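A.B. asks: Predicted model and sequence below, questions to follow.
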Amino acid sequence: MWHASSNPASRLPRRKVIPVQRRDFLLMLAAATAAATGACSLTDDAAPASKSSPSAPATPSESPTPSPAPSPSPSPTPSHGPLWLQDGPPPLPGPQELDGVITELPEAVGNTVAITVDDGADSSVVDAYLDFAKDSGVRLTFFVTSSYPGWTDCKDKMAPLVESGQVQLGNHTVTHAGLTELDEAGIISEVGGCESFLNSTYGVTGAPFVRPPYGYRGEWTDSVCAKLGYTTPTMWYGSFGDSGLLTEDVLLGEAQKWLLAQHIVIGHANFPTVTHLYGQIIDILRERALLTATLDDVYFGPGHDRHV
């Protein structure tokens, strides 16, 4: 009699294993097929737009917004050199009253000094003074002796500074003659001749500022000059002392003595000594917190029109 346990089929575990292996195989086959299909889809998605199917043209992508062009960097402002003192005229309270002879500036102008330069016998010194003005911003009033060569030799460099107002031109006669030694016709010739030179060479007038050579003046000479529009004889309150040749030490000592607030200081464009001392002159002005002004700056205001 057969027992279930003796049935040969019950002893064939392979019949039970085979379906499991087949099922696993089928599952694995299905998974492999799905993976292959997914891989094909991924490959198409990654294809460049140029390889898209003609039946489904790729939608053009939006053009990228261009980045704004960078603004050009402004050119750097050239730095000033070691001599630089000031930009333009100093702060001033407004035009000051003129009443005859002047020797110093009004108290109202505060820490302001007027550097005035006479003669012009040496063109190289006039030229160096102009470089000093350009390199430092210092404002200068030149008193022109028109027969001296510096004023024609340096015209091209001088003219732009005159136009800007940084340099002012006043009258110091034609030949540097002492006015008290002349008759009226002689004074008119000397002062009027220099005025004509300023008119024709620079297109400006020197009036009302006249500096009598050697400081020689009086009521009568003043009255003759006034007939020509020169109503302000301009003296000084301190000098570099360099109308003649000095050593550097002596000239520097005079500069230290006289470069003070409200002074009108006189120098001369005759000998080169002063041209070696511009750095020291700037040091004195800085140490004393002084700024420079032309006579026009003080008495008429910056930008005074001298054109004729």
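C.D. replies: Looks like it arrived, so ask away.
A.B. asks: Would you check that Glu190 makes contact with Val174?
C.D. replies: Yes: assessed by C-beta atoms under 8 Å, Glu190 is found in contact with Val174 at 5.2 Å. C-beta here means a position set from N, CA and C on the backbone, and glycine is covered the same way.
A.B. asks: Number of residues surrounding Gly301?
C.D. replies: 13 (other C-beta atoms under 10 Å).
A.B. asks: repeat for Asp242
C.D. replies: So Asp242, with other C-beta under 10 Å, has 25 neighbours.
A.B. asks: hang on, the earlier thing: compare Glu190 and Val174 (neighbour count), which wins?
C.D. replies: Glu190 (28 against 20).
A.B. asks: list the contacts for the residue nearest to the more buried one when sequence neighbours are not counted?
C.D. replies: Spatial nearest neighbour of Glu190, chain neighbours left out: Thr173 (4.1 Å); criterion: C-beta to C-beta, 6 or more residues apart in numbering. Residues in contact with Thr173 (C-beta atoms under 8 Å, 6 or more residues apart in numbering) are Thr145, Ser146, Leu179, Glu190, Val191, Gly193, Cys194, Pro212, Pro213.
A.B. asks: Which residues are in contact with the closest residue to Val162 other than its chain neighbours?
C.D. replies: Closest residue to Val162 apart from its sequence neighbours, by C-beta to C-beta, 6+ apart: Tyr202 at 5.6 Å. Contact analysis of Tyr202 by C-beta under 8 Å, 6+ apart lists Lys155, Met158, Ala159, Val162, Leu169.
A.B. asks: Spatially, which residue comes closest to Gly301, not counting chain neighbours?
C.D. replies: Nearest to Gly301 is Pro95, by C-beta to C-beta, 6+ apart, at 4.8 Å.
A.B. asks: and the one you found, what element?
C.D. replies: For Pro95, there is no host helix or strand (DSSP states H and E).
A.B. asks: I'd like the distance between the closest residue to Lys227 other than its chain neighbours and Arg288.
C.D. replies: Nearest residue to Lys227, sequence neighbours excluded (C-beta to C-beta, 6+ apart): Ile188, at 7.6 Å. Distance, Ile188 to Arg288, using C-beta to C-beta, to the nearest Å: 41 Å.
A.B. asks: what do you get for Ser79?
C.D. replies: For Ser79, the distance to Arg288 equals 24 Å [C-beta to C-beta].
A.B. asks: Specify which residue of the two has the higher count of neighbours.
C.D. replies: Arg288 (14 against 6).
A.B. asks: what about the more buried one, distance to Asp122?
C.D. replies: 28 Å.
A.B. asks: can you check Arg139 too?
C.D. replies: Going from Arg139 to Asp122 by C-beta to C-beta gives 22 Å.
A.B. asks: higher neighbour count, these two?
C.D. replies: Arg139 (29 against 19).
A.B. asks: just checking, that one touches Ala293?
C.D. replies: Yes: shown here, Arg139 and Ala293 form a contact pair, counting by C-beta under 8 Å, at 5.6 Å.
A.B. asks: Find residues that contact each of the two.
C.D. replies: By C-beta under 8 Å, 6+ apart, the residues touching both Arg139 and Ala293 are Pro89.
A.B. asks: And the protein, what are its domain boundaries?
C.D. replies: 4-41, 107-299 (automatic domain parsing).
A.B. asks: what is the mean pLDDT for the first one?
C.D. replies: Right, the one you point to is domain 4-41. Taken as a whole, domain 4-41 carries a mean pLDDT of 42.
A.B. asks: Next: stretch 100-115.
C.D. replies: So the average pLDDT for stretch 100-115 ends up being 98.
A.B. asks: Can you show me the helices along the protein?
C.D. replies: Using DSSP state H, the helices of the chain run over 13-45, 123-136, 150-153, 155-164, 184-202, 219-227, 248-258, 278-287, 295-299.
A.B. asks: which residues does His268 form a beta bridge with?
C.D. replies: Asp118 (DSSP bridges).
A.B. asks: Give me the neighbour count for it.
C.D. replies: Neighbours of His268 (other C-beta under 10 Å): 24.
A.B. asks: That concludes my questions; thank you for your assistance.
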